[in-house]
Structures are given as structure tokens and as C-alpha cells.
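>>> build me a structure from this.
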Amino acid sequence: MRYPSVIFVWCLTLAAAECAAARPTDLVLNRPPEGFNALFNGRDLAGWWGAGTEDPRTWMALSREELAIKRTVSLKDIQRHWSVGEGVLINDGRGLYLTTNRNYRDFELLLEYRTVAGADSGIYLRGVPQIQIWDHTEEGGKWSHGADKGSGGLWNNSDGAPGKDPLVLADKPFGQWNRIRAIMVGERVTVFLNHQLVVDHARMENYFDRSLPLPRSGPIQLQTHGGEIRWRNVFIREIPPNEANAMLRRGRVVEREGGDGFEPIFNGQDFTGWAGPIENYEVNDGALMCRPGMGGTIYTEDEYADFIVQLEFLLPPGGNNGLAIRYPGEGDTAYVGMCELQVLDNTHPKFAGLDPRQYHGSVYGQVAAHRGYLREPGQWNFQQVTVRGSTIKVELNGTVIVDADLNDVKEFMYDADHFRGRTRTTGHFGFAGHSDPVQFRNIRIKRIAADIDASAN
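The predicted model follows:
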């Protein structure tokens, strides 16, 4: 599937951003644009070590001393296969992959590469493969693997998954420099190859264990094999939380062309359209907030069957709240609604001994969420929840932390009868306050048809 008109509109929209991150070839070699830092200094391999295709969790678990030894040992291989000439990184097509000493969370990466016929390479994001770089010609012999579609795709995603194949063929002929601009927020990756959109806000899968989300942070790796490849103008910019949230809210270009279908359900001024104990809540600088020491479940006047909800939330230290899913309008949503999704400061000592099914994002008492993806208390987080039939997917700051079918849950924190509402097929959406001033803003919802595949969202 190709989207040339969409890509054209998107490129025009991003013209200012492209100018801000000016074409490196228009600048002095290896001098970063404003706001970026250079990963390669143009002179030597300072700031890099060597690693192969290995689960970053293994070496991240090493002690500081063990990791230092691993890095030092790797440099012998790096020096054998990597060199610097005239401000360019050169690899002979063999050896370990150049790996940044620093780890990165959300970032924008700029680089240029030039390769040769038959080469096969890539860029590992947070130590996970990869943005694909390869010989796209028939003579390269890899059309059966998708090389005919070109470089820039997330080739290690599952067959048919968004992002695996690039949207357009954007490679330049051999001997010319190609430019990549990659944006990564959580697991969401957008890639421009030679100023053409080739990956559109797609989830990158964890190659090492697809049942787990990507690491929250990790290194940039320049993978090389099969032929010489050269790199230059390797720059990175770390993306702050509010900008990351805006990117996640905007979503994919293809969806935005005709409107993304989301409707605001909180106007930022008052509680029009809401019901329940709204006197226990207040509007604080455009955000909905539970009053300190108060609580109860407030909910939309409208009911929803299958839907996607997006919102931002801010937790104070030790903050506790919850999302009411298919709530009937009275009672404790954790038991009488389809569920309550926890909104909780996992880091606070008072919560150290909770059941795993009580931490942030968890389907309370039923399904444990992956932990480690919340931002620090006092920072705004972005969350998207997809409810379809008996399934729930929770995406926190761009990373999926829950993807479960409640019909498959067999073990509960309490007796299963306590969770009598879990089979509800419709209900209100709301917030289950627990006395803490947790804040919510930019609350939007989209109804989805029961037969629509929401997996791409």
C-alpha cells in the first residue's frame, strides 16, 4: 500500500522541522544542528564500544565493573573493523556493531550512510534491531526477504505488522549518501529516508522476546555486515515529555489526513457531560483533578461499547487513581464495571508490597502490567487504552504495558465473583479517585466498531 498524497502533505507540514534539523550536507561535516548532539565527533571512536545482536537486558544486568570489562574487550574487534577517514566512519562489513556508551529513551536521530552492492546493515534502536539498510536491487539477491521495497523499514517486526515494510522506495543509487531521520517515542517509530516518510508511527517489536515491551532506554547501534558501509553526521536529540506526549497524541499521518476520529470528552473548563460526585473534583489550569482527601468515581454521561481513549495524567508522589472502564454508574468500578485500570505512582515506598496486579496500568486484581515505563512524579504521562470486546490494551508513553483478553484470566487477586462486572459489554468511562490530587487533561475518546481491527493503534 502506498500513500504518496499523504506523504506529500506530511512533508509540507514538517517543512519547518526539517529546516530546523537542516540537511547535514549543507553544514560543516559532523557539526550538529541546533538542539542536537553529535554521536560521532568526526575524528575518532570516542563514546562508542562494540556489541553484537544480543539482548540488551543481559549486559544491562551486569555490574558496573563487569560492563566496563565487556566494553574494553570489545574495542579490540572495533579497532580491527572500524576506522575514521576524512570525517567519516568506515566499516569493512565485518565485526561487532558500533554501540553508543550512553543509553537513550525518546529521541530524534539523524544520520547519513553510504553503502555498496550486496551489503546488509541496519540501525538498532535501544539495542534492538532494527531500521533496515540493504541492497534493494534484484541483483542483491534478497527480494524474497522484501529488499525490493527498499530500506528504512522495521524489518524485524512480524510479517504484516505496520512498519515492517517501508511505505515507499526511497533509496538512492549506490555511491550516493542516504539520509535517515528517525523519531522514537516509547515503542513508536517514525522514519524518513531521504526526506520521504517510510515508517509512520509504527510500534517496533522486541526482537528478543515479542511478549515483552522494548526496553525503556538503550543504545544506538550501527549494524554492519555483508559489505562496506560508511556513516557521517550522526546526531541525536532527546525528546522531552511534553513534546513526546504531543507526538503520541498526533499519531499516524494516514489517520490524520481525514481526521483521527477522536472527540474531546472534557472541555478543560467545567464538568459538562460528566456525572457522579463531581463536587469531589475540580478543574485546575485546564486539567481535571481529584480534590485532596476526596474521591469517588465520576463518569461520562455517554456510554461506550468498544472504544479507544487517550489522555494525559500527572501523578503527585504516591498518587493513586484509576480509569473506570464500562462503568454502570454506581458501585466500585473494579468489581461492577468491566474493570478499573490503575493510575498509580509505582515508585513510592508505601506501594512497595502491592500485588503485581495493583501497579500502574494493571487491570486491577486481574492482569499485571509491565512496569518501568512511568515518568517521574510531577511529569505528564500519555496513555492510550483500547477496549474491544473482552480485550484491553494499555499503551503508556508509547509502550504497550497490557494486552490481555479478560476472558482468558483464570487467577484473580480475590475470588473471581468479586469481579462480576468484567463481562460487561458497554458502560461509562470515568475516573476512580482515591483522595489524591491526580490530574488528567487532553481526554479524547473514539468509538470503534466491534469488527474493526484495532491492533494497529
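
>>> domain-wise, how is the chain divided?
4-245, 262-447 (automatic domain parsing).

>>> buried ones in the biggest helix by length in the chain, by neighbour count?
In the chain, taking DSSP state H as the definition, the longest helix is helix 64-81. By 16 or more other Cβ atoms under 10 Å, the buried positions in helix 64-81 come out as 71, 74, 77-78, 81. All C-beta spots, glycine's among them, are computed from the backbone N, C-alpha and C.

>>> lowest-confidence stretch among the domains of the chain?
Comparing mean pLDDT across the domains of the chain, the weakest is domain 4-245, with a mean of 90.

>>> with just CA atoms, put the longest helix of the chain into CSV.
Extracted C-alpha coordinates of helix 64-81, given in CSV (Å, rounded to 0.1, in the frame of the first residue of the first chain):
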residue,chain,number,x,y,z
ARG,A,64,29.5,-1.6,36.5
GLU,A,65,32.8,-3.4,36.7
GLU,A,66,31.6,-6.4,34.5
LEU,A,67,30.2,-4.0,31.9
ALA,A,68,33.4,-2.0,31.8
ILE,A,69,35.4,-5.2,31.1
LYS,A,70,32.9,-6.2,28.4
ARG,A,71,33.3,-2.8,26.7
THR,A,72,37.1,-2.8,26.9
VAL,A,73,37.3,-6.3,25.4
SER,A,74,35.0,-5.2,22.6
LEU,A,75,37.3,-2.4,21.5
LYS,A,76,39.9,-4.8,20.0
ASP,A,77,37.3,-6.0,17.5
ILE,A,78,36.1,-2.5,16.9
GLN,A,79,39.6,-1.2,16.1
ARG,A,80,40.1,-4.1,13.6
HIS,A,81,37.0,-3.4,11.5
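
>>> rewinding a little: I'd like the domains of the chain as CSV, with distance to residue 252 appended.
Formatted as CSV, those follow (distance: least, Cβ to Cβ, whole Å):
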stretch, distance to residue 252
domain 4-245, 4
domain 262-447, 12
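
>>> wait, which of the ones you listed is closest to residue 253?
Closest to residue 253 of these is domain 4-245 (Cβ to Cβ; 4.5 Å).

>>> just how off-centre is the longest helix of the chain within its chain?
30 Å (Cα atoms, centre = their mean, to the nearest Å).

>>> try stretch 320-327
Distance, centroid of stretch 320-327 to centroid of chain: 23 Å (Cα atoms, centre = their mean).

>>> cool, stretch 323-338 as well?
The answer for stretch 323-338 is 29 Å, by Cα atoms, centre = their mean.

>>> buried residues in that stretch?
323-329, 332-338.

>>> try stretch 115-134
Burial within stretch 115-134, assessed by neighbour count using 16+ other Cβ under 10 Å, is assigned to 115, 118-134.
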